[in-house]
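S.K.: sharing a model prediction with you, sequence too.
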Amino acid sequence: MRIYTRTGDKGETGLYGNTRLDKDSQRIKTIGDIDELNAFLGYAHSLISDADIANLLNRMQSELFDLGADLAVLEAHHQAESLRISNDLVLEQERMIDCFQQELPPITHFILPGGLTSASVLHLARTVCRRAERSVVSLKKSNSINPEILQYLNRMSDLLFVLARVVNHRAGEPEIHWNSPIEREKSCL
């Protein structure tokens, strides 16, 4: 199978059901944001040595492929039983958040992104996830979409935040706390 098809050379791309859309349509932009998020999860995965987190990131990447497939199916072809992102996945994300948070000290300050490179990339993935979520909100304004997608992305960004904290915590890397303007004035830096 060839990688190139030449069918997109004039600025259109194909979706399920032989539908063609302009590559700058909101649906295609949203699918692109999901693809970018998936690439960031792959980058994070390449930096993570903890098997439980690496396996979870791999699963999240597969779920994002499923999410992209849900977005690639237009309303006319939607069937509730064929949607891949479900409330069960959202509940599983919440379970994972609760499980990983048990390893962490409570949050007493705002936490700045940073620490280990792997944790920093997880924070980057979290911000890309938030952007993808905003793209889905824009798409939802004029299109019917799987309603579980917004919940799923919202929980994913929370899970990525927790995973970044866990990666730093397991390595003994201190969290970087936000300092208020008053605290910064007192600093010698």
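M.R.: Cool, got the structure.

S.K.: which of the three states applies to the most centrally placed residue in the chain?
M.R.: Per Cα atoms, centre = their mean, the C-alpha nearest to the average position across the chain is that of Cys129, at 3.5 Å. Using DSSP: H, G, I helix; E, B strand; the rest coil, the structure places Cys129 in helix.

S.K.: now do the contacts for the nearest residue to it once chain neighbours are set aside.
M.R.: Leaving aside its sequence neighbours, Cys129 sits nearest to Ser157 (Cβ to Cβ, 6 or more residues apart in numbering; 4.3 Å). Every C-beta, even on glycine, is put in place using the N, C-alpha and C of the backbone. For Ser157, the contact set (Cβ atoms under 8 Å, 6 or more residues apart in numbering) comprises 126, 129-130, 133.

S.K.: before we move on, what about Ile34?
M.R.: Counting by Cβ under 8 Å, 6+ apart, Ile34 touches 64, 67-68, 71, 132.

S.K.: now neighbour count, pLDDT and distance to Lys141 too, for those, in TSV please.
M.R.: Output for those, formatted as TSV (neighbours: other Cβ atoms under 10 Å; pLDDT from 0 to 100; distance: Cβ to Cβ, whole Å):
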residue	neighbour count	pLDDT	distance to Lys141
Leu64	22	97	22
Leu67	28	94	18
Gly68	19	91	19
Leu71	23	89	14
Ala132	26	98	15
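
S.K.: what is the nearest of these to Ala39?
M.R.: Nearest to Ala39 out of the contacts of Ile34 is Leu64 (Cβ to Cβ; 9.8 Å).
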